[in-house]
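K.L.:
Pasted the sequence and its predicted model underneath.
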Amino acid sequence: MFKARKRLELTTETKPLIISDNLKSYWVKTVDEALRGEIKALEEENYACIKTLGLLEMDRVYVIANDALKEPEKAQKALSFIKDLKQSPIIITESFEQKDVETLFETVLRHQYDFNTFKSKTPQQVSIHYLDHPQRTDHIKKGIALGEAINFTRDLINTPYNHLNAETLASIASDMAKDKHTSITVYDKKDCEKMGMGAFLGVNAGSKDAPQFIHLDYRGNPDADDSIALVGKGVMYDTGGYSLKTPTGMPSMKMDMGGAATVLGTLKALQSLNSKANVSVIIAATDNRIGDSAIVPDDILKSAKGTTIEVISTDAEGRLTLADALWYAQREGATKIIDVATLTGNVIGALGDKVTGVFTNNDAFLKAFEDSAQKSGERVWHLPIMQPHRDQLKSYSADMKNKGSRMGGASIAGAFLEHFVERDVPWIHLDIAGTAYNDKTGATGTMVRTLVNMFE
């Protein structure tokens, strides 16, 4: 929790300080003189905690190297002490360079995150105050907006299915639509049947819970015609269906709606920043269960585009929901599309759990995205979709299959989605299966920063 401060008296304030190592700053010079040059002596360190030993009223000063904030990974390490603070510190924003303040506040917020919704005992969170500065205000605002949006995304992903199903997600989206620039349409099962969304509804067939097709429309610039669609995979829980996951593979499948959480988190940040972008957020939300009516391998589904799909694996369900969501995005006039999905385990085999796989049909759109990712400090890697991948989806009994070989599986999944995007619509597919969730620490909120920077 951040609280603004208008004035700080070093002689009477007992709270610890967080400052940079920028000795050109009045505050840093003042503190350094009181500490007899201790800060100046820390030139090679990314982070230091100085005990004042009575030289100042506060008992300690935390010094963060400005250079550390230029690299998100260094910033993460340099600010990791935030998690263990017992006292409420004060950030002296004027001591940090303008362009680094955004990273500072976003990282502090992310370090404060603790998913304790369902814990009987929760530790008391330390409030973090800051001394505002006119030249830092906009950067502070963006850093806080990003940090809160990332933590919102993490909350959604970390929440288990018995507390967050498709209908609950639609309710959360409806609350977000109270923003003055945002409207919402939520389609129920009958609406989806009328639109011919047989692929999406096929995944829902075994569930006792109703599907929800969610469309949030944010118009930051109503006079502009352009609109980017953010399509998030919204499989609220994935058992694998009759292609059942193993007992070790099923825990953590609450995170299979990570794409939906990511696009909602991105929208939350854009709302907070009063962005001038025009963005549609589209989510086909359902769980994937076993039931009397559930689809089985060999079934053939008909998508809203009209393409018939032979189901090879009911555990390749996310792409079925996205097929109809991509069709809908184009029907609604999206000029560009980015879909975000925890789509394949294969992408983890290819890139590990720190790099997001990226697929595209447009090099210029990819370049803009990669530039944004580099600025955000989030690792991405362009993976190919080639004719051999498309050939894997050929079916003798339908227009295409929903799954091919395990070899190159991430690219084959990308080829499946590519089929539902018109060639003249620039499209990016993000496979965040490896980067969205960590079994030990939970959701990461990956890609929110990059997507927000795409619009900013």
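P.N.:
Right, received. Where do you want to start?

K.L.:
got any ranges where this structure has weak pLDDT?
P.N.:
Applying pLDDT under 70 to the chain flags residues 1-14, 41.

K.L.:
Quick check: next helix or strand after the longest helix anywhere in the chain?
P.N.:
In the chain, assigned by DSSP state H, the helix with the most residues is helix 137-158. Note on helix 137-158: by DSSP states H and E, the next helix or strand toward the C-terminus is helix 166-176.

K.L.:
by how many degrees do whatever helix or strand comes next after that next one and helix 166-176 diverge?
P.N.:
From helix 166-176 onward toward the C-terminus, using DSSP H and E, the following helix or strand is strand 182-187. Interaxial angle of strand 182-187 relative to helix 166-176 (axes from the mean of the first three to the mean of the last three C-alpha atoms, to 10 degrees): 160 degrees.

K.L.:
Tell me which residues of the helix or strand just after strand 182-187 come out buried.
P.N.:
Heading C-terminal from strand 182-187, the first helix or strand you meet, by DSSP H and E, is helix 189-194. By neighbour count on 16 or more other C-beta atoms under 10 Å, the buried set for helix 189-194 is 189, 192. (Glycine included, C-beta is placed from N, CA and C.)

K.L.:
do the same with stretch 66-78
P.N.:
Within stretch 66-78, the residues that count as buried by 16+ other C-beta under 10 Å are 66, 67, 68, 69, 72, 74, 75, 78.

K.L.:
measure residue 361 to residue 104 for me?
P.N.:
Computed with C-beta to C-beta, to the nearest Å, the distance linking residue 361 and residue 104 is 37 Å.

K.L.:
Between these two, point out the one with more neighbours.
P.N.:
Neighbours per residue (other C-beta atoms under 10 Å) separate residue 361 from residue 104, with residue 104 holding more: 28 against 19.

K.L.:
Report the angle between the helix or strand encompassing the more buried one and helix 137-158.
P.N.:
Following DSSP H and E, one finds residue 104 within helix 98-112. Calculated by the same axes, to 10 degrees, helix 98-112 forms an angle of 30 degrees with helix 137-158.

K.L.:
Can you name every helix or strand that the very next helix or strand once past helix 98-112 contacts?
P.N.:
Using DSSP H and E, the next helix or strand after helix 98-112 towards the C-terminus is strand 128-131. On a contact count with 3 or more C-beta pairs under 8 Å, 6 or more residues apart in numbering; DSSP states H and E, strand 128-131 meets strand 2-5, strand 90-92, helix 98-112.

K.L.:
starting at the chain centroid, how far to strand 128-131?
P.N.:
Averaging C-alpha positions (C-alpha atoms, centre = their mean, to the nearest Å) puts strand 128-131 26 Å from its chain's average.

K.L.:
what pairs with it, and is each one parallel or antiparallel?
P.N.:
Looking at strand 128-131 with DSSP bridges, its partner strands are strand 2-5 (parallel), strand 90-92 (parallel).

K.L.:
quick revisit: other residues contacting the helix holding residue 104?
P.N.:
Here helix 98-112 makes contact (C-beta atoms under 8 Å, 6 or more residues apart in numbering) with 1-2, 20, 64, 66, 69-70, 72, 75-76, 79-80, 82-83, 91, 93, 96, 125-126, 128, 130, 135-136, 139-140, 142-144, 146-148, 150-151, 445, 449.

K.L.:
and those, which are buried?
P.N.:
Neighbour-count burial (16+ other C-beta under 10 Å) applied to those gives 2, 20, 64, 66, 69, 72, 75, 79, 82, 91, 93, 96, 128, 130, 136, 139-140, 142-144, 146-148, 150-151, 445, 449.

K.L.:
Domain boundaries for this structure, per the record?
P.N.:
When the chain is parsed with automatic domain parsing, its domains come out as 2-112, 160-455.

K.L.:
quick one, which of those domains is nearest to residue 120?
P.N.:
domain 160-455 (15.6 Å; C-beta to C-beta).

K.L.:
Nearest residue to residue 47 in space, please, no chain neighbours.
P.N.:
Once flanking residues are discounted, residue 47 sits nearest to residue 78: 4.0 Å by C-beta to C-beta, 6 or more residues apart in numbering.

K.L.:
need the contact list for that neighbour.
P.N.:
By C-beta under 8 Å, 6+ apart, residue 78 lies in contact with 46, 47, 64, 65, 68, 69.

K.L.:
need the strands for the stretch 301-450 of the chain, in chain order.
P.N.:
308-310, 336-341, 356-360, 380-382, 400-401, 427-431, 437-438, 442-443 (DSSP state E, counting those that start in this stretch).

K.L.:
Now those in JSON lines, please, with extra columns for mean neighbour count and distance to residue 36.
P.N.:
Formatted as JSON lines, the strands of the stretch 301-450 of the chain follow (neighbours: other C-beta atoms under 10 Å; distance: least, C-beta to C-beta, whole Å):
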{"stretch": "strand 308-310", "mean neighbour count": "21", "distance to residue 36": "72"}
{"stretch": "strand 336-341", "mean neighbour count": "26", "distance to residue 36": "52"}
{"stretch": "strand 356-360", "mean neighbour count": "24", "distance to residue 36": "47"}
{"stretch": "strand 380-382", "mean neighbour count": "17", "distance to residue 36": "46"}
{"stretch": "strand 400-401", "mean neighbour count": "20", "distance to residue 36": "72"}
{"stretch": "strand 427-431", "mean neighbour count": "28", "distance to residue 36": "51"}
{"stretch": "strand 437-438", "mean neighbour count": "18", "distance to residue 36": "43"}
{"stretch": "strand 442-443", "mean neighbour count": "21", "distance to residue 36": "43"}
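
K.L.:
Please name whichever of the ones you listed is nearest to residue 59.
P.N.:
Closest of the strands of the stretch 301-450 of the chain to residue 59 is strand 442-443, at 32.9 Å (criterion: C-beta to C-beta).
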